[in-house]
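Novice: Next comes the sequence, and after it the predicted model I'd like to discuss.
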Amino acid sequence: MNLLTQEQKERIQRAVEDAEKKTSGEIVPYIVKRSDFYWEAFLKSALTFNIISLLIFFTIYELQTIGHIPEWSIWDKFLTLPVVISFTLMFTIFGFVICYIPFVRRFFAGKQLLNERVYARAKEAFLEKEVFATSNRTGVLIFISYFEHRVVVLGDAGINQHVTQKDWEEVVNLVINGIKNHDVALGIEQAIEKCGELLQKSGLAIAVNDVNELSNEITEKED
C-alpha cells in the first residue's frame, strides 16, 4: 500500500523546488514502508511466550507439590505431557503471530536494532540516489522509515561543515510529528522547508550559475 497519494507526492516535489530556489543545496526526500522485517523480533516473541507457558505449568506443579492445590483437583489434567506440549505450542505460535502487530514487533525488536537497521538503510538510499554526486557536495537526504517511526538526515561533506547535528534534529522532529499526527506528507514538507532555511542561514545561498543536479521527486519504496 502506498504511503503517499500522487497529490501528496506533487506537494512534496513543489516543496523541494521552493526550498532549492533559495539555496545551492540539493534536498532528496526518500520514504520506505519499513527498513527491515525484523525476523529476530518474531523469534524473541515466540520464545518469550514459550517460556511464559512453561512457567505457568511449573507454577501449577509447585503449588500442587507444596499442597496449595489438591492433587485430585482439575489442575491434574493440565499436568499431562500431551497437554503441556499442546499448550506450550499454542503459546509459542501466538507469540510468533502477535508480532505482525506493528507496535509489538517494534517492542521485541528493541530501539537499538531499529536504529541500526534504519541507519543502514538510509546509507543505502544515500548511495542509491547518488546524493554525493553534486559539484560542491551539497546534497542532503531526508530518509523516512514509516514502520519504525524513524527519520535520518544525511548531509554530504559540503553541508555537514555548516549545519550542526542539533539543526538536523529539528528537521527530524518535524517529520516524526507528522507521522504521529497521521500526516506524514505535511511533516516532510515542513522538514524540507526547514532544510532550505538551515542551508540558506549557513551560507549556502543559491549561486547565479546554480543548476538542479538531483531529482526533486520523492522516492517511495515498500522496503
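Specialist: Nice, I can see it.
Novice: hey, where'd the helices end up in the chain?
Specialist: Applying DSSP state H to the chain gives helices spanning 6-20, 39-65, 81-97, 102-109, 111-128, 157-160, 165-180, 184-201.
Novice: out of these, deepest packed?
Specialist: Comparing those by mean neighbour count (mean count of other Cβ atoms under 10 Å), helix 184-201 ranks first with a mean of 22. Every residue, glycine included, has its C-beta placed from N, CA and C.
Novice: got the contact list for it?
Specialist: 3-5, 8, 11-12, 15-16, 18-20, 22-25, 27, 29, 31, 138, 140, 142, 144, 146, 151, 153, 159, 162-163, 167, 170-172, 174-179, 181, 218 (Cβ atoms under 8 Å, 6 or more residues apart in numbering).
Novice: Find the nearest non-adjacent residue to residue 220, please.
Specialist: Closest residue to residue 220 apart from its sequence neighbours, by Cβ to Cβ, 6 or more residues apart in numbering: residue 31 at 5.2 Å.
Novice: residues near the one you found, how many?
Specialist: By other Cβ atoms under 10 Å, 24 other residues sit near residue 31.
Novice: wait, it sits on residue 146?
Specialist: Yes - contact criterion Cβ atoms under 8 Å: residue 31 and residue 146 qualify, at 6.5 Å.
Novice: What does the pLDDT read for the residue nearest to residue 220?
Specialist: At residue 31, the pLDDT value in this model is 96.
Novice: Bridge partners for it, pull those for me.
Specialist: Counting by DSSP bridges, residue 31 forms beta bridges with residue 144, residue 220.
Novice: Who are the contact partners of it?
Specialist: Per Cβ under 8 Å, 6+ apart, neighbours of residue 31: 3, 4, 143, 144, 145, 146, 184, 188, 218, 219, 220, 221.
Novice: now the residues you listed: which count as buried?
Specialist: By neighbour count, with 16 or more other Cβ atoms under 10 Å, the contacts of residue 31 hold 3, 4, 143, 144, 145, 146, 184, 188, 218, 219, 220 as buried.
Novice: how far out from the middle of the chain is the helix or strand bottoming out on mean pLDDT in the chain?
Specialist: Among the helices and strands of the chain, helix 157-160 carries the lowest confidence by mean pLDDT, DSSP states H and E, at a mean of 85. Here the centre of helix 157-160 is set off from its chain's centre by 25 Å, with Cα atoms, centre = their mean, to the nearest Å.
Novice: ditto for stretch 30-50
Specialist: Remark: stretch 30-50 is offset 12 Å from the chain centroid, using Cα atoms, centre = their mean.
Novice: Could you work out the end-to-end span of it for me?
Specialist: For stretch 30-50, the separation between the terminal residues is 39 Å (Cα to Cα, to the nearest Å).
Novice: hmm, back to that, I'd like to know which of the contacts of residue 31 is nearest to residue 48.
Specialist: residue 145 (24.7 Å; Cβ to Cβ).
Novice: quick one: contacts for that closest one?
Specialist: 31, 32, 34, 35, 118, 121, 122, 151, 152.
Novice: One more: residue 210?
Specialist: residue 24.
Novice: now do 10 Å
Specialist: Counting by Cβ atoms under 10 Å, 6 or more residues apart in numbering, residue 210 makes contact with 20, 21, 23, 24, 25, 26, 135, 136, 138.
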